[in-house]
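In: quick one: sequence plus predicted model below, questions after.
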Amino acid sequence: MALTARDDGPIGWDPYDPKHFANPYPAFRRLRERAPLYYNEKFDFYAVSRFDDVMRALSDRDTFISGHGSTIDIIKAKFPIPDGLFIFTDPPQHGIYRGLLVKMFTPKRVAALESQIRAFCARSLDPLVAGGEFDFIEHLGLEMPLRVIGMLLGIPDEDLKGHQKRMNEGMRTEPGQPQTQHSLGGEAFEQYVDWRIANPADDILTDLMKTEFVDGDGVKRRLRRDEVLVMVNLLAGAGNETTNRLIGWTGKVLAEHPDQRRQICGNRELIPQAIEEILRFEPPGPSVARYVAKDAEFHGMKVPKDSTLLCLVAAANRDEAKFPNGEQFDIHRERGPHMTFGHGFHNCLGNALARIEGRVALDEVLNRFPEWDVDLNNAHLSSTVNVRGWETLPAYTPKSKRGPRAKRATAP
C-alpha cells in the first residue's frame with residue numbers, strides 16, 4: 001500500500017517518529033478514514049485503527065497470537081520468551097500463569113488498598129501545598145504507584161527508587177529508533193526472592209512461591225525460582241509505568257479542560273467516569289502488537305501469515321463509529337468499553353489497581369490543588385516506543401503567583 005497525500009495530510013504511521021509520537025491523533029484519524037488496514041514497508045508491519053478491527057484482532061487468539069511478544073520490537077527481534085512471562089504466551093500456558101495472579105488482583109482485594117494509596121498520595125503532596133507548585137510525575141506519578149507495588153511485592157522502601165531507575169532506563173529509546181534492550185528475566189529481584197524463600201510473609205511474592213498449580217504437562221507443582229523472578233519483574237514494571245502515565249495525562253488533560261475539572265472538584269462522584277474518559281482519550285499504551293499465525297483479511301486485503309500486526313489502541317479509542325465526537329474530551333459521554341486495557345483473555349490484569357490508583361490520585365490532588373495549569377515549556381514526553389506519557393509535567397496554582405517559565409536550555 002503506497003503512501004498517498006491529500007489536502008488533509010499523508011497517510012502513514014511510523015511508531016518511531018518523534019513527530020508522530022508527540023501527537024499521533026491526526027495520523028490515526030487519517031488511517032481510520034482512508035487506510036483502515038495500513039502496511040508500513042520500512043518496518044514491515046500491518047496496522048489496524050478502527051475499533052471493531054482492533055477488537056477482532058485482540059479477540060482472535062488463534063490467528064493473532066501473543067507467543068512471540070506483544071510489542072513490535074520484541075516480535076521483530078525474535079527475543080526468546082522466558083517461562084513465566086504470561087503476557088507473551090498463548091494457551092494453555094497463558095491461562096495457567098495468569099490464573100496464579102488473578103486472585104491477587106480482584107477488585108475486592110484491590111479496593112482494600114485504598115487507605116494505603118491515599119496515605120502514599122498524602123505523603124507525596126502535603127509538603128508541596130504551601131508553595132502551590134508541583135510536578136505530576138516527579139512528585140506523584142513516580143512516587144505513589146511505586147510505593148503501592150513495592151508494598152504488594154514486599155520490596156523494601158529504600159530499594160524502590162533504584163529499581164525504578166533501572167526499569168525506566170530499560171524502556172527508554174533513542175528518538176526515531178527501535179527499542180533494542182529488553183530486561184525480561186528479573187535478575188535484579190533475586191535477593192528478594194531468595195529472602196522470601198527463607199522468610200515468607202503476607203505479600204504477593206510469598207503467594208507466588210507457595211501456590212501449587214497444574215502446569216501444561218499435567219504436573220502439579222509450584223513455580224520455579226526463574227518463573228517467580230520473571231513474574232516479579234513484570235509486575236514491578238507494569239505497576240510502576242502505566243499508572244504513572246495515567247497520572248500525567250490526568251494533569252495535562254484536566255488543565256486543558258478547566259470547566260470539566262471544576263465540575264469534578266465540586267462533585268467527586270464524577271471521578272470514576274473522568275478517569276475512564278482520560279484512559280480512553282490518552283491511553284498510556286498507544287498500541288499492542290500481535291504475530292499473525294495464519295493468513296487473515298481486513299477490508300478485502302490480505303495480512304499474510306508470519307506478519308506483524310499493530311493494533312492501534314489509541315486510534316480505536318477515538319473511532320467516531322464507536323465514540324461519537326471521539327476526538328473530544330467529555331467526562332459526561334455515555335460510557336462504553338475502551339481498548340486501553342486491551343480486550344479478551346489478554347486484558348490487563350492490573351486494570352482494577354490502575355483505576356483505583358488513578359481515582360484516588362485525582363481526588364487527593366483536587367483536595368490540595370483544585371486549580372492548576374501545566375508548564376508545557378518545561379514538560380517532557382518520554383522517549384519510549386510502547387508507552388506514551390510524560391517524563392516531567394510541572395504544574396502551578398494561583399497560589400504560586402507565577403505563569404509558565406521560560407523553556408530550560410538544557411536537554412531533558
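Out: Arrived safely.
In: where does the protein dip in pLDDT?
Out: Applying pLDDT under 70 to the chain flags residues 1-8, 169-186, 401-412.
In: any idea which residue sits dead centre in it?
Out: Closest to where the C-alpha atoms of the chain average out (CA atoms, centre = their mean) is Thr242, at 3.6 Å.
In: show me what contacts that residue?
Out: Counting by CB atoms under 8 Å, 6 or more residues apart in numbering, Thr242 touches Pro284, Gly285, Cys348, Gly350, Ala354, Val387. For the C-beta atoms, the positions are set from N, CA and C on the backbone; glycine is no exception.
In: quick check on it: phi, psi?
Out: Phi and psi for Thr242, reported as degrees, to the nearest 10, are phi -70, psi -50.
In: may I have the helix or strand containing Glu190 as CSV, with CA atoms only?
Out: Taking DSSP states H and E as the criterion, Glu190 maps to helix 190-198. In CSV, the C-alpha atoms belonging to helix 190-198 read as follows (Å, rounded to 0.1, in the frame of the first residue of the first chain):
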residue,chain,number,x,y,z
GLU,A,190,16.9,-12.3,43.0
GLN,A,191,17.8,-11.2,46.6
TYR,A,192,14.1,-10.6,47.4
VAL,A,193,13.0,-14.0,46.1
ASP,A,194,15.8,-15.7,48.0
TRP,A,195,14.9,-13.8,51.2
ARG,A,196,11.3,-14.7,50.8
ILE,A,197,12.1,-18.4,50.3
ALA,A,198,13.6,-18.4,53.8
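In: how far out from the middle of the chain is it?
Out: Computed by CA atoms, centre = their mean, to the nearest Å, the chain-centroid distance of helix 190-198 equals 28 Å.
In: hey, where'd the strands end up in the stretch 1-150 of the chain?
Out: 5-6, 9-10, 37-40, 45-48, 64-65, 133-135 (DSSP state E, counting those that start in this stretch).
In: and the fifth one, how far from the chain's centre?
Out: This means strand 64-65. From the chain centre to the centre of strand 64-65 is a distance of 20 Å (CA atoms, centre = their mean).
In: kindly report the same for the last one.
Out: Offset of strand 133-135 from its chain centre (CA atoms, centre = their mean): 23 Å.
In: ok, back up a step: between the contacts of Thr242, which sits nearest Phe79?
Out: Phe79 has its nearest neighbour among the contacts of Thr242 in Val387, at 17.7 Å by CB to CB.
In: let me know whether that closest one touches Glu241 as I believe.
Out: Yes: with contact defined as CB atoms under 8 Å, Val387 and Glu241 form a contacting pair (5.7 Å).
In: more neighbours: which of those two?
Out: Per other CB atoms under 10 Å, whichever of Val387 and Glu241 has more neighbours is Glu241, with 24 against 17.
In: re the thing from before, most tightly packed of the strands of the stretch 1-150 of the chain?
Out: strand 45-48 (a mean of 25; mean count of other CB atoms under 10 Å).
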